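>>> Below: sequence and its predicted model.
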Amino acid sequence: MKEVTQWFLQRVTGFFLFLVLMVHFYIMHFEDHSAIEHASIVERFSNPYWITFDIFFLAILSYHGFNGLWRMVIEYIRSERLLKVVQILIIFLTIIIFSFGTFILLK
């Protein structure tokens, strides 16, 4: 992917993260204090809207975080061999964390 595209997607995901985080904070901290109780969470996870919302949150959070890490690795690691190993590790971790989070949400 071109650097300009990655830069642009980093800003877009940052904007959406801000919006989604505001919804998250409102629901979890301001709307109802029972929102963090087990029964409330189970009820919320039975709603397909909230599952979709949380998967979207997880996807943009994963992309934004690991793309930022990717950009730092490219900037600071000079050894081509080490760079390739670290990039593969980042891709692997991104897939594992996103898959595990999605599994938990759909369980």
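In hand now; what should we look at?

>>> the helices in the chain, which residues?
Along the chain, the stretches classed as helices by DSSP state H are 3-25, 38-45, 48-76, 80-106.

>>> out of those, deepest packed?
Among the helices of the chain, the stretch with the highest mean neighbour count (mean count of other C-beta atoms under 10 Å) is helix 48-76, at a mean of 15. Where C-beta positions appear, they are placed from N, C-alpha and C, glycine not excepted.

>>> angle of that one against helix 38-45?
Put simply, helix 48-76 runs at 90 degrees to helix 38-45, going by axes from the mean of the first three to the mean of the last three C-alpha atoms, to 10 degrees.

>>> Tell me what angle helix 48-76 forms with helix 80-106.
Going by the same axes, to 10 degrees, helix 48-76 is angled at 170 degrees with respect to helix 80-106.

>>> Quick one: list the elements packing against helix 48-76.
The helices and strands touching helix 48-76, judged by 3 or more C-beta pairs under 8 Å, 6 or more residues apart in numbering; DSSP states H and E, are helix 3-25, helix 38-45, helix 80-106.

>>> switch to 7 Å and redo it
helix 3-25, helix 80-106 (3 or more C-beta pairs under 7 Å, 6 or more residues apart in numbering; DSSP states H and E).

>>> hmm, back to that, out of the helices of the chain, name the one with the poorest average pLDDT.
The weakest mean pLDDT among the helices of the chain belongs to helix 38-45, with a mean of 84.

>>> Check what contacts that one and list those residues.
If you take C-beta atoms under 7 Å, 6 or more residues apart in numbering as the criterion, helix 38-45 is touched by S34, W50, I51.
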